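Enquirer: build the 3D model from these lines:
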Amino acid sequence: MTVLYLRAFFIILSTIVGYYVGGILGNFDLVWRMGGAVAGLAGSFVIVILEFFTRRFSARNLSAAVFGLIFGFFMAWIVTSVLKLIPMSIEIFSSLQIIMILVFCYLGMVIAMRGKDEFNLIVPYVKFVRQDEREDIILLDTSVIIDGRIADILQTKFIEGRIVIPRFILRELQQIADSGDSLKRNRGRRGLDILNRIQKDSKLNVRINEEDFPEIRDVDAKLVKLGQLVGGKVVTNDFNLNKIAELQGVTVLNINELANALRPVVLPGELMDIRISKEGKEYNQGVGYLDDGTMVVVDNTRQMIGQVIKVAVTSVLQTSAGRMIFAKFEEPPKPQTGGGWKGR
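Expert: Here you go, the predicted model:
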């Protein structure tokens, strides 16, 4: 709403300025004043429309273009200063000066925009802070948005900082939501619902990043590149993206690793109740699951599918995909029958 108020204020002020300028130019004649007001109103509308269509231009691209323009003008000034030492007419010198300024400014802007990633004069989301203060930048991946657990994690404040959602991630979510495959379409709509829930949370600092990398087609590669530029942390549950980002020096927060770390500790010899839901891969094995989804493989329980039994943990296997518990069936003690000689 602040931008809308600013646009309205600019249009009104431009109309007033046009009215005043028209009066000055026409000796304060009413026709000139009204003409100036109309010109100011029309001109302000044109500028607002141009500003609306350029709203997706990033500050980094603009800063690179300005730097290239200044550098090109400086180089043109140096070259024309050397040309002054050569005897020539003022007409030729003026023509060469204009040509040099035009050529060097153009080359400077193009070269600076192509190499904006190298010098990166103005990085979005960076501000002057005290050395003992630092605001983390959290970049959300498509997979972690669709997963949905990130919304609950953010609400618990275990992850703090500025939540940045790149525009190309939004486009990918929209493409998934518009897919012809019903499964993909439901996943995409779920991701958009989760994203809407995150944005509506007033306690979270959520921003949309307009930065894009047209030369990079892969969305994961774009996300890693953005993470390198802004020094952000990528939140994902994609194993491949995790490895690629770590190889390129980008910090990764993997939701699956967090979930594995929060699972309760189970020690060998511990007893637990488990429901055998299906048979295992090996002979006479049964498989059950804990409440958090951890698989429990129990020997000699194939015939007990559907029953809740007491098992004893024998070993725990931790892998990158998750945790697996191996156990054995604890047979209940047999009731003792009374014996001995009875007296007559």
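Enquirer: neighbours of K222, how many?
Expert: For K222, the count of nearby residues is 21 (other Cβ atoms under 10 Å). C-beta: built from backbone N, CA, C; applies to glycine.
Enquirer: so it is in which element?
Expert: For K222, the host element (DSSP states H and E) is helix 219-230.
Enquirer: report the mean per-residue pLDDT for that helix.
Expert: Averaging pLDDT along helix 219-230 yields 85.
Enquirer: over to stretch 31-48?
Expert: Taken as a whole, stretch 31-48 has a mean pLDDT of 87.
Enquirer: list the buried residues for it?
Expert: Under the neighbour-count criterion of 16 or more other Cβ atoms under 10 Å, stretch 31-48 has W32, R33, G35, G36, A37, A39, G40, L41, S44 buried.
Enquirer: using a markdown table, please lay out those residues together with distance to V297 and secondary structure.
Expert: Shown next, in a markdown table, are these (distance: Cβ to Cβ, whole Å; DSSP: H, G, I helix; E, B strand; the rest coil):
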| residue | distance to V297 | secondary structure |
| --- | --- | --- |
| W32 | 91 | helix |
| R33 | 89 | helix |
| G35 | 87 | helix |
| G36 | 85 | helix |
| A37 | 82 | helix |
| A39 | 81 | helix |
| G40 | 79 | helix |
| L41 | 77 | helix |
| S44 | 73 | helix |
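Enquirer: identify, from those, the entry nearest to T236.
Expert: Nearest to T236 among those, counting by Cβ to Cβ, is S44 at 44.9 Å.
Enquirer: give the contact list for the closest one.
Expert: The neighbours of S44, taking Cβ atoms under 8 Å, 6 or more residues apart in numbering as the test, are F10, I11, S14, T15.
Enquirer: next step: these restricted to helices.
Expert: Secondary structure from DSSP state H places F10, I11, S14, T15 of those in helices.
Enquirer: please name the nearest non-neighbouring residue to the first one.
Expert: This points to F10. In space, and not counting its chain neighbours, F10 is closest to S44: 5.9 Å by Cβ to Cβ, 6 or more residues apart in numbering.
Enquirer: which SSE is the closest residue to V219 other than its chain neighbours in?
Expert: Excluding the flanking residues, the one nearest V219 by Cβ to Cβ, 6+ apart is E172, at 5.3 Å. E172 belongs to helix 167-177 when assigned by DSSP H and E.
Enquirer: in terms of secondary structure, what does that helix contact?
Expert: Here helix 167-177 touches helix 142-147, helix 182-200, strand 205-209, helix 219-230, going by 3 or more Cβ pairs under 8 Å, 6 or more residues apart in numbering; DSSP states H and E.
Enquirer: does the closest residue to L290 other than its chain neighbours count as helix, strand or coil?
Expert: Residue nearest to L290 in three dimensions, not counting chain neighbours: V296, with 6.5 Å by Cβ to Cβ, 6+ apart. Classification of V296 using DSSP: H, G, I helix; E, B strand; the rest coil returns strand.
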